[in-house]
Structure formats: C-alpha cells, structure tokens
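A.B. asks: what's the 3D shape of this:
(3 chains)
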Amino acid sequence: MTIRPGFSSIIKAESQQEWESALQEIEKTGICGLKLLSTGQDPLSHEIRHISIALPNKSVYIADCQELGMDILGDLAGLLENRRIRKVLFDAKTALAFIRASVNRKLNACNIFDLMLASQICWSGYYYLTPSHSPKNPWKKSIPDHSLAALAERHLGIILDKEKSDMNADFAAANLSPCLIECIASESAVLLPLHDILAELLAKNDLQKIADLEFRAVSSLAEMEISGIYLDCDQAKRIVEEEENEICNLVWTVHDEARKKGFVTVSHDGKRLCYYLNPDRQEDVMAFLKSRGYGVTSTKAEVLRGLAAAGCAFAEAVLRYRYVSHLLAFLNNWLSHVHAKDGRIHPQYFQIPSSTGRISSKKPNAQQIPRAGDDATAIRRLFLPAVGKRFVKADFSAIELRIMAFLSGDRAMQEAFRDGVDLHRLTACKISGADMNQVTDQQRQAAKIMNFLLIYGGSAKTLQWRVLSDYGRFMSLDEAEEAKTRFFQTYEGVRVWQERQLQEMSYTVPHYFHNCIQGYFFMPLTCTRTALGRRRVWPRFGAGVRASKFQMYNTPCQGTGADLIKLVMCEVYDKISSEDARIIGSIHDEILLEVPEERAEEYARMLQEIMERIGSELLHPVPVKVEVKVRTTLAE
DNA sequence: GGAAGCCGCGCG
DNA sequence: ACCGCGCGGCTTCC
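C.D. replies: Presented below is the predicted three-dimensional model:
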C-alpha cells in the first residue's frame, strides 16, 4: 500500500473474494472510475489485461484478468450494463470495444460518463492562436488538448507521468512493476475528481442533454468499428492494376501532349532537373497552360473543365489523371487496412472532433467512398455484405433544408414540407415564375444549387460559378442577382433568420470554463446552438478574429444534422442491433446496416420508422422523410 | 528525414 | 468571400 496525493490506497485484488468485495463497494457508492489496460491497441487482436477501478474514497482497485480468470470480464460487462452505477471513463469507445470483443456479445452499456467527450463538448469550437512560422499566416489556430494528462493538469493541477502511462508500454508483461502500478493508480484516481468538475461544467453551460446523447452514442460507434466492412480484395486488386495501367498511359499522354506543343519541362529548383511534366505539380500544369496562352491562376478542376470544354485536350487528360489517381489512392488505402483477423476493414470513428458536432472517420475514411462517375460505381460494387446478409441503406431526404425550415421557421418552406412539395421545384418555380409542373430539369438543377448555396450565405458570383461548373450552363451575373433576390423574397423567414445569426455574431453569451487556478469562470463568447442545444463557441481575441457569417449560418444546420443522426444511432443500437444485425456506417445523413437477408425488408422498415419518427420529433412541425433501400453492394 | 503548410479533391 | 471533414502530393523549413 502506497500513499500518494490523488489516491489513498492501491488495492491489488488478488483473489475472487477481493474482486467481489470491490464490486460490492461500487454497488454501494453508485459511481466508479474505470480504466482498462490491454495488451495492445486493437480490440480485435489484443485483449484486456488489467482492470483498474477508482472509488470515491480514493482507493484504487487493480485486478489482473489472467490471475483472476476471464470471468471477471463478464462482471465488468455487467458493471457497464448496471444502470444504477455511473462509470467514468476516458475514451469509452475503446473500452467498450475491448469489453465487447472479450465477452463476444452485444453490450447494453448505460450510465457512462466519458471525460474526453465531456471536455470536447465544453470546448467545442474554442481555439488558441499560436504563432506559426509561416509568413503568409502568422497565427495558427490550435485546439485545446483533450488528453487525460491535459485534463488532469488543467483542472486538477496534477501532472501525470506521460511516458510511463503511454499505452504502448509493455502492459503485456506478466506482472506490473510497482512503478507502473502507481502510475496506473494515479491515472485512475483523477477520473472521479475530473468527473465532478466536467459534470458541473456541462450543467453550467446547459449541455447535459448533448452530453447524455454523446455518451449513449458511444456504443454504436464502438459497434461500427468492431464490425467493419467487407471489401472484395481480389476484385479491388484487379481494378488497381487496370488503373495503374491507365495512369501510366495518362502520364504519357499528358507529357506527349505537352511535348508536341513544344513545351520543354525543365524545372530548375536548384537540385533537380525534371524532363517530364508532372501532372501532380500545379506549377508544371500551370506553366504549360500559360505557355499555351490560357491565362489561368489556378489548376482547380472547375477551371480545367472550362478549358476542356473549349477543346483543350491537355486539360482533359489532367482531369482524368487526377480522377483516376484519386480512385487508385483510395483503393490502395483501403487495401492497406484489411484486418488479418476477419478480412474486413475497420475504419476508426471520432465522435466530436469537428466543431459542428459531426462524426468523422479515418484510416481509412469511411465517409468519403467515391460516388461520382462510372469508376466510382465500380468501386462501390466492391463493398459487399457478408454471406447471407444484405445492406440496408437509409438516408434523410433534403435534411439540411428541412433543418433550415425548422430553425428559421420560414413559412413557405415549412408549408412546402408539410404538403410534401418538392422544394427544389418550388424554388425553381418561384424564381422563374413558371408553373409548378412546367419547371424544366434545367431550372430545377439551378434551383437545387440555389437552395444549398444561398442558405449558407453564398453570393450571386458563386451561384453563377457553380451553375457553370456543375452543369456547364452559363448564367449572367444579373440573372444570378435576380435569382438571389427572388429566393429571399420567397423565403423571407430565412432572410430574417440570417440577419439574426449575423447579430448573434457580435453578441456574446457567458460560457463557462474551469481550470485549477481560477476554478469556474466564464468568458463572453460568440456562440451558436443547435436544435438539441449543442454549442459551438468562438473566442474573441481583440477585434479581428471572429466567427464568419458563413459559419454562423452553417453551424446550427450542420450541428442539428449531427444531433439527429446521433439520436438515430442510439435508438438503432438499442432497438435493432443484435448479434447478426449491425450498424456498420454513419455518413452524416445516412445510416448503413448489415442484416440477415431474410429479415432485410423488416429491418429496412424499422430503420425508416425510427429515422422518420426521431427526425420529425426533433424538427417538429417539419416532417422528415427517409429513403431506404436493401442492397447487395454499396452501389445504388 | 520528418513536421508543417498549402493545394486540390471528394464525401456530406 | 460556402460550411465541415480527411487524404495525398508537393514544397519548405528545421
């Protein structure tokens, strides 16, 4: 037994009895801090080795799973599912994934408090300005550190020994060294004090609802990571080969094209002499285009598309090169992440790194599977459900517009949705003055762009540019201005809402923070809120740095969308997810399930019902519609 | 040789 | 003067 600040005693549970008395004590106190030590990072191939439990009386229990037998993992699962006991963790998603993998069944975890998520929620959007050494942008935004060590230091003034607590340390070693034990105990001991502070902070900022939502959503994110998704690797490799061929040819085409026109690509950067035009290098591409008399200042796709339309074969080849090389990179990235255990790919999901509240994904990014183009369809066909399973895909239809209708309370929009009117068509008809059923496809396309652009503060100029680059249709600036004016006449409520958001930009609300020196304190900050009360704040440094009006328009919409999909994920996890029906993807406004073939239609209906009900509740009185499909690949 | 900035891309 | 994300490639700086 060692005495240290932070914890009063370390108790090594060495017998079943001691472990059980620990469980009984938790039952009495109703709250505990929980920390797992595993043999590695990956829930699929590594396992939990030690369990550390902190109690309010500052004692820390440490149990060795190998010593006490794997049964205690079952007890652990039971603890997580016990609604009377609050479990305080740091990075609950990883812990849940490990526990789920080790007991090999679905967990109905509840009453979880994740310190990492709590901290991220409280600081959402906040950033510091740090000097950067770039001359162009002298200040760099950096977001607060939400690691456990950072939280302990910020709120408690306790410096945790980072080196030793690093997860990479050989926890697999049979026995923990006394020094390591102490280190683990210190880490566990900060959990409960941090809980008290962050829970209070959530309350002060009226963020409890959001926190509860996020804590509940952890289970479904863990499930998505564990489930992963299957990719037909053999077929994927064949496509990679084909595309590598095409890339080679394209590079030659591009280069020949340039040669033929007399362009000698020799870039002298001091060290290197380059004889080939490198299509990956904007400088080369730009130089060639300039030499051909195209006065371009960027090599963006939209610019190149313009040139290609005017008959520039070179621009076309560069575009094709970029498209193919992107797809190639995509496939290679996914292929490099195939897991040896199950042959599936397990993207990582992050719950709130984004300031609006959206989920993001990495390694590989499951939220940017190619969609546009024929080759993209071929790639989507590589994603397959397991044998005997089907994909159920459901996506919210026109959700951003519905959210805007809800937030702004705009009458025309709300009525249109209530009556089931196609909003793009309605906009087209209001702009052109045509009758609802006379609207041409072209008009509807332009209206679609308007709907998405103008609600986020887009200008007539960008409207003109987008119509041109997306549909190759020229629209005069006057025409675009006129359309914009009519748009805001039609949706007066949206205009008023935008004005209010603009004013909010200069108003401030008190937002609470905490640190170990000042205790609780507030700062007056710019702040937006979503339908569920999620906040994004902007710090105010002197005069210059503030939210942009675009962010003020966009954040409540995107954030409400995030609230909605997370509400859905929670309910889907509770009501649908089972051993063989799983949620395997969540792409902003879309949910992807993998379910047994014979019950696919049934699950599809359940999913649709859940999404429409929860959506319509959140956005009341705006109804929410969901399109749901049963598929044998990811392609449409 | 690695970190960081920038551009361009594509998902929503 | 359109928001959010991550990624790959190139360049520059240390």
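A.B. asks: All the strands of the stretch 451-600 of chain A, in order from the start?
C.D. replies: A:509-515, A:519-529, A:535-538, A:582-586, A:590-596 (DSSP state E, counting those that start in this stretch).
A.B. asks: could the ones you listed be laid out in JSON lines, adding mean neighbour count?
C.D. replies: C-beta coordinates here come from the backbone N, C-alpha and C atoms, glycine included. Output for the strands of the stretch 451-600 of chain A, formatted as JSON lines (neighbours: other CB atoms under 10 Å):
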{"stretch": "strand A:509-515", "mean neighbour count": "17"}
{"stretch": "strand A:519-529", "mean neighbour count": "16"}
{"stretch": "strand A:535-538", "mean neighbour count": "24"}
{"stretch": "strand A:582-586", "mean neighbour count": "24"}
{"stretch": "strand A:590-596", "mean neighbour count": "23"}
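A.B. asks: So which bits of the stretch 451-600 of chain A are right by DNA strand B?
C.D. replies: A:Gln558, A:Ile587, A:His588, A:Asp589, A:Glu590 (CB under 7 Å from any atom of the strand).
A.B. asks: on that earlier part again, which one of the strands of the stretch 451-600 of chain A lies nearest to DNA strand C?
C.D. replies: strand A:535-538 (8.5 Å; CB to the nearest atom of the strand).
A.B. asks: Adjacent strands (with direction) for the closest one?
C.D. replies: strand A:519-529 (antiparallel) (DSSP bridges).
A.B. asks: Can you check what angle separates the strand it pairs with from strand A:509-515?
C.D. replies: Orientation check (axes from the mean of the first three to the mean of the last three CA atoms, to 10 degrees): strand A:519-529 against strand A:509-515 gives 140 degrees.
A.B. asks: how far is strand A:519-529 from where the chain is centred?
C.D. replies: 24 Å (CA atoms, centre = their mean, to the nearest Å).
A.B. asks: coming back round to it: JSON lines please, covering the strands of the stretch 451-600 of chain A and showing mean pLDDT.
C.D. replies: Output for the strands of the stretch 451-600 of chain A, formatted as JSON lines (pLDDT from 0 to 100):
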{"stretch": "strand A:509-515", "mean pLDDT": "95"}
{"stretch": "strand A:519-529", "mean pLDDT": "94"}
{"stretch": "strand A:535-538", "mean pLDDT": "92"}
{"stretch": "strand A:582-586", "mean pLDDT": "93"}
{"stretch": "strand A:590-596", "mean pLDDT": "96"}
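A.B. asks: Looking at the ones you listed, which is nearest to A:Tyr491?
C.D. replies: With CB to CB as the criterion, A:Tyr491 lies closest to strand A:519-529 of the strands of the stretch 451-600 of chain A, at 19.9 Å.
A.B. asks: for the stretch 401-550 of chain A, what spans make up the helices?
C.D. replies: Taking DSSP state H, counting those that start in this stretch to define them, one finds helices in the stretch 401-550 of chain A at A:411-418, A:423-432, A:441-454, A:460-471, A:477-490, A:492-506, A:549-575.
A.B. asks: And those helices: which comes nearest A:Gln368?
C.D. replies: Of all the helices of the stretch 401-550 of chain A, it is helix A:549-575 that lies closest to A:Gln368, at 16.3 Å by CB to CB.
A.B. asks: Tell me who's in contact with A:Ile11.
C.D. replies: A:Ile11 makes contacts with A:Met1, A:Glu18, A:Ala22, A:Ser59, A:Val60, A:Tyr61, A:Ile62, as judged by CB atoms under 8 Å, 6 or more residues apart in numbering.
A.B. asks: helix or strand for it, which one?
C.D. replies: Assigned by DSSP states H and E, A:Ile11 falls within strand A:9-13.
A.B. asks: What pairs with that strand, parallel or antiparallel?
C.D. replies: For strand A:9-13, pairing defined by DSSP bridges yields strand A:59-64 (parallel).
A.B. asks: Give the buried residues for the partner strand.
C.D. replies: A:Ser59, A:Val60, A:Tyr61, A:Ile62, A:Ala63, A:Asp64 (16 or more other CB atoms under 10 Å).
A.B. asks: what's in contact with the next helix or strand after it?
C.D. replies: Toward the C-terminus, strand A:59-64 is succeeded by helix A:65-68 as the next helix or strand (DSSP H and E). If you take CB under 8 Å, 6+ apart as the criterion, helix A:65-68 is touched by A:13-16, A:19, A:47-51, A:72-73, A:174.
A.B. asks: Get me the contact residues on the stretch 151-300 of chain A for DNA strand B.
C.D. replies: A:Gln282, A:Ser298, A:Thr299, A:Lys300.
A.B. asks: Where does the prediction get shaky in the stretch 51-200 of chain A?
C.D. replies: A:132-138, A:162-175 (pLDDT under 70).
A.B. asks: what ranges do the strands span in it?
C.D. replies: Using DSSP E, counting those that start in this stretch, strands in the stretch 51-200 of chain A cover A:59-64, A:86-89, A:112-114, A:128-131, A:139-142.
A.B. asks: Closest one to A:Pro193 out of the contacts of helix A:65-68, please.
C.D. replies: Nearest to A:Pro193 among the contacts of helix A:65-68, with distances taken as CB to CB, is A:Ile51, at 20.0 Å.
A.B. asks: circling back to that earlier point, go back to the contacts of helix A:65-68 and keep what's next to DNA strand C.
C.D. replies: Okay, of the contacts of helix A:65-68, nothing touches DNA strand C (CB under 7 Å from any atom of the strand).
A.B. asks: Find the pair from the contacts of A:Ile11 with maximum spatial separation.
C.D. replies: A:Met1 and A:Ala22 (15.1 Å).
A.B. asks: where does chain A have low pLDDT?
C.D. replies: Those would be A:1-6, A:132-138, A:162-175, A:262-276, A:542-545, if you go by pLDDT under 70 across chain A.
A.B. asks: what residues go with each domain of it?
C.D. replies: A:9-204, A:233-335, A:411-490 (automatic domain parsing).
A.B. asks: how long is the second one end to end?
C.D. replies: The distance separating the two terminal residues of domain A:233-335, taken as CA to CA, to the nearest Å, comes to 7 Å.
A.B. asks: same check, this time on stretch A:375-386
C.D. replies: 23 Å.
A.B. asks: sorry, back to before: with distance to A:Phe7 as new columns, can the buried residues of strand A:59-64 be given to me in TSV?
C.D. replies: Converted to TSV, these look like this (distance: CB to CB, whole Å):
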residue	distance to A:Phe7
A:Ser59	7
A:Val60	5
A:Tyr61	11
A:Ile62	11
A:Ala63	16
A:Asp64	18
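A.B. asks: restrict the residues of the stretch 451-600 of chain A next to DNA strand B to those near DNA strand C?
C.D. replies: Answer for those near DNA strand C (CB under 7 Å from any atom of the strand): A:Gln558, A:His588.
A.B. asks: Can you say which two of the contacts of helix A:65-68 are spatially most distant?
C.D. replies: Across the contacts of helix A:65-68 (CB to CB), the longest gap, 21.5 Å, separates A:Ser15 and A:Glu47.
A.B. asks: ok, these two, which is more surrounded?
C.D. replies: Shown here are A:Ser15 and A:Glu47; by other CB atoms under 10 Å, A:Glu47 has more neighbours (19 against 11).
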